[in-house]
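Asker: whatever this is, show me its structure:
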Amino acid sequence: MKFEIKKIGSIIEEVNLKNSNLTYKNLLGLNANKEFMPSVANQEGLDLTKYRVITQKNFAINLMQVGRDELLRVALYHDKKNSIISSAYKIFKVINEEEVIPEFLMMNFQKKEFDRFCWFISDSNIRSALEWDRFCNIEIKVPNYTDQKNLVIIYKSILKKKEKAKKNILKLKKILNNFFLSTKGLKNQLGKFISESVERNTGNLSKNYLGISIKKKFIKSRLDQETFSSIDKHKVIKKDYFAFITTTSRNGEKISIAMLEDELAIVSATYVVFNINDTNKLREKYLMLYFKENEFDRYARYHSWGSARETFGWDDMKKVRLHLPSVEKQDSIIELGNIVSSYEELIKKYDTMIKKICPIFLKGIN
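Answerer: All right, here's what the predicted structure looks like:
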């Protein structure tokens, strides 16, 4: 496959359209998967006229912290509806789409080698930023339009499947959301069905030390176990037990809570650990689905208390009220949740596929 070597700066141009008339209010950010996502910023009091408008086939790029993240956050905007993004991002587009297809350029940005090179040429200051001029001077191999198109067809087919999976997740989550919001009748206080667990890691029962993310999942703790002076004082958490972090301020308007699906682990002594008393009345996975609802996060934030640091503690958790249908209906709701999880795993596979095929396809350009 024949190609030309071109500098990125020779095939793109910067776009600088401000949201001067407050026409658009859909504020987006970029994640590490090189995708757009709803911004987590608190929009109260923000002057949205200073934000940049992004339109279909525009790219957004965050040149900051490339050295820290060891990747370049950049994404191609596909939506026909315009959105806005922070002025800290740069927006650009391909000058001539008959010369370079935008998706082909995005395939280059998906390569790990590209991220490593951006990391290598980023500056050494505290933010480890990549200068715009350096980005524009990066060279890529550009084959003819027909060869680009053939590669892009396969790439877009995976993106289409991924987008379909995302839409299915949104539909299913809407059903779940409607169920938890529209349930009528008596609501039960959660404290009747749960018990706190304060078992400590006496005798080093486990060294599997976990934290909790705002995505409501357990993650490997970043702390080095060698620094622990008293690992035996950490709390033990067992399979199907729950743990949550009581601090809710500066946490993306969410409460960090998760259910353990592994056999045994330990968590910080500051976490609250609890279990369900009778699973013939309340299923663990049903409760976890409720905890994932935005409505629960709003409730927890509203009922948090404190000055410098707001908290939602064990007594507050016991006061949570939720509808308890029959266990048969709970199991049906759980099955919907399982389907959502399967689609989420499918999306991860598509992401992995994209990361793998882009370098392989582009290596064929020689």
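
Asker: please enumerate the strands of the stretch 151-300 of the chain.
Answerer: 188-189, 194-197, 210-212, 218-220, 235-238, 242-244, 257-259, 264-267, 272-276 (DSSP state E, counting those that start in this stretch).

Asker: using TSV, lay out these together with mean neighbour count.
Answerer: Where you see a C-beta, it was placed from the backbone N, CA and C, and this is true even at glycine. Listed next are the strands of the stretch 151-300 of the chain as TSV, based on neighbours: other Cβ atoms under 10 Å:
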stretch	mean neighbour count
strand 188-189	13
strand 194-197	15
strand 210-212	20
strand 218-220	14
strand 235-238	20
strand 242-244	23
strand 257-259	23
strand 264-267	23
strand 272-276	20
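
Asker: looking at those strands, which is nearest to residue 36?
Answerer: Smallest distance to residue 36 across the strands of the stretch 151-300 of the chain (Cβ to Cβ): 23.7 Å, for strand 218-220.

Asker: okay, the lowest-mean-pLDDT helix or strand in the chain in CSV with CA atoms only?
Answerer: Sorted by mean pLDDT, DSSP states H and E, the helices and strands of the chain end with helix 66-69, the least confident at a mean of 84. What follows is helix 66-69, C-alpha atoms only, in CSV (Å, rounded to 0.1, in the frame of the first residue of the first chain):
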residue,chain,number,x,y,z
VAL,A,66,0.0,14.0,28.3
GLY,A,67,3.1,13.1,30.2
ARG,A,68,1.1,12.2,33.4
ASP,A,69,-1.5,10.1,31.6
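
Asker: now find how far off-centre that helix is within its chain.
Answerer: Relative to its chain's centre, helix 66-69 lies at 18 Å (Cα atoms, centre = their mean, to the nearest Å).

Asker: I'd like to know which elements that helix is packed against.
Answerer: helix 112-121 (3 or more Cβ pairs under 8 Å, 6 or more residues apart in numbering; DSSP states H and E).

Asker: how close does residue 154 get to residue 350?
Answerer: 12 Å (Cβ to Cβ, to the nearest Å).

Asker: name the residue in these two with the higher neighbour count.
Answerer: Set residue 154 next to residue 350 and count neighbours by other Cβ atoms under 10 Å: residue 350 wins out with 19 against 12.

Asker: which helix or strand contains the more buried one?
Answerer: Taking DSSP states H and E as the definition, one finds residue 350 inside helix 327-363.

Asker: same question, residue 75
Answerer: Counting by DSSP H and E, the element that carries residue 75 is strand 73-76.

Asker: so for that strand, mean pLDDT?
Answerer: When pLDDT is averaged over strand 73-76, the result is 96.

Asker: what packs against whichever helix or strand comes after that strand?
Answerer: Toward the C-terminal end, the helix or strand that comes next after strand 73-76 (DSSP H and E) is strand 83-85. Contact here means 3+ Cβ pairs under 8 Å, 6+ apart; on that basis strand 83-85 packs against strand 27-30, strand 52-54.
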